[in-house]
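need a structure here:
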Amino acid sequence: MDHAERPERSDSLLQVLCTGVLLSDAGSDWLELDLDIEWQPNGVPRAYAAVNVACWCEVDHNSHFLNEVSVDIIDDVSVGEAVERSAGSLLAWIDGPVDPSAWRERAGLPQPPHS
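Numbers count the residues shown, from 1 in each chain. Sure, this is the predicted structure:
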């Protein structure tokens, strides 16, 4: 990203690359691992990784991002190094439970309604 032109600052993230690996999908419930490269509102690019689970809050905002890891691509941190650091956390999370309810329980989030 050394040669990439930085976009004008804005109030939102600009995703350059967005990757999701679905670990569990039960129709309306899911568990996904995300790895993104994005421009932050402050103009600094970063690599970002998170566990993503479906939202069951009273006000549904679609999903929750848990165990977030963010590495800024600045100074002596290359794109490759930032992605490697972020992706490294994904490997540890893959060994965790694949049931979305277990992740929601750890985070203290609401569980899906029982049918």
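
could you pull out the helices for the chain?
Assigned helices in the chain, in chain order: 79-94, 100-107 (criterion: DSSP state H).

Next, format these as CSV and append mean pLDDT.
Below are these laid out as CSV (pLDDT from 0 to 100):
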stretch, mean pLDDT
helix 79-94, 90
helix 100-107, 92
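
Can you tell me which of those helices is packed in deepest?
Neighbour counts (mean count of other CB atoms under 10 Å) averaged over each of the helices of the chain peak at helix 100-107, with a mean of 17. (C-beta placed from N, C-alpha, C; glycine too.)

on contacts alone, who are the packing partners of that helix?
Packing contacts for helix 100-107, counted by 3 or more CB pairs under 8 Å, 6 or more residues apart in numbering; DSSP states H and E, involve strand 30-39, strand 45-54, strand 63-72.

With respect to burial, which of the ones you listed scores highest?
Note that of the helices and strands packed on helix 100-107, strand 45-54 is the most buried (mean count of other CB under 10 Å), with a mean of 23.
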